[in-house]
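Engineer: let me see the structure of the following:
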Amino acid sequence: MSELQNEVSELEQKSATAARLFDIRRIIGGLFVVYGIIVTIAGITASDADLKKAQGININLWTGLAMLVLGLLFLLWLWLRPVAPPTPEEIPAEQKTP
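Structural biologist: Purely as a prediction, here's the structure:
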C-alpha cells in the first residue's frame with residue numbers, strides 16, 4: 001500500500017510541476033520581457049534620423065519599457081498567485097486513467 005501512495009504522490013508532484021510550467025502567464029510574461037529588452041535596446045541606440053522620423057519621440061524606448069513593465073507584471077502575478085493543480089474531483093471522468 002505504501003508503494004502505491006508513493007507513486008500517487010510522485011504523480012501529483014509531476015502534475016503540479018507541469019501545471020506551473022505551462023501557465024500562460026509565464027509564457028506571455030517571458031515573451032514580453034524578452035521583446036521589451038530588445039525594443040528598449042533599439043530605443044537606446046536610436047539615431048537622430050530615427051528620432052526625426054518619429055517627430056522627436058523615442059517610440060522604441062517607450063514601447064520597450066512598457067513591454068518590459070507588462071512582462072514583469074505578468075511574472076509578478078504568477079509568483080504571487082501560483083496555479084494550483086486540479087484535484088481528483090475536478091478532473092472529468094473521461095480523463096482519469098483506470
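
Engineer: skipping adjacent residues, who's closest to the most centrally placed residue in the chain in space?
Structural biologist: In the chain, the centroid-proximal residue (CA atoms, centre = their mean) is residue 26; its distance is 1.5 Å. In space, and not counting its chain neighbours, residue 26 is closest to residue 78: 5.6 Å by CB to CB, 6 or more residues apart in numbering. Backbone N, C-alpha and C define where each C-beta goes, glycine included.

Engineer: and residue 41, by the same measure?
Structural biologist: residue 64 (7.4 Å).

Engineer: same check, this time on residue 58
Structural biologist: Counting by CB to CB, 6+ apart, residue 43 is the residue found nearest to residue 58 once chain neighbours are left out, at 5.2 Å.

Engineer: the one you found reaches residue 59, doesn't it?
Structural biologist: Yes - judged on CB atoms under 8 Å, residue 43 makes contact with residue 59 at a distance of 7.5 Å.

Engineer: follow-up on the earlier one: report the contact partners of the residue nearest to residue 26.
Structural biologist: 23, 25, 26, 29 (CB atoms under 8 Å, 6 or more residues apart in numbering).

Engineer: please read off the pLDDT at the closest residue to the first one other than its chain neighbours from the model.
Structural biologist: What that stands for is residue 23. Leaving aside its sequence neighbours, residue 23 sits nearest to residue 83 (CB to CB, 6+ apart; 5.2 Å). Looking at residue 83, its pLDDT reads 74.

Engineer: sorry, back to before: neighbours around the residue nearest to residue 58, how many?
Structural biologist: Residue 43 has 18 neighbouring residues, counting by other CB atoms under 10 Å.

Engineer: OK, contacts around it?
Structural biologist: Contacts of residue 43 (CB under 8 Å, 6+ apart): 58, 59, 60, 61, 62, 63, 64, 65.

Engineer: and if we set it to 6 Å?
Structural biologist: 58, 60, 61, 64 (CB atoms under 6 Å, 6 or more residues apart in numbering).
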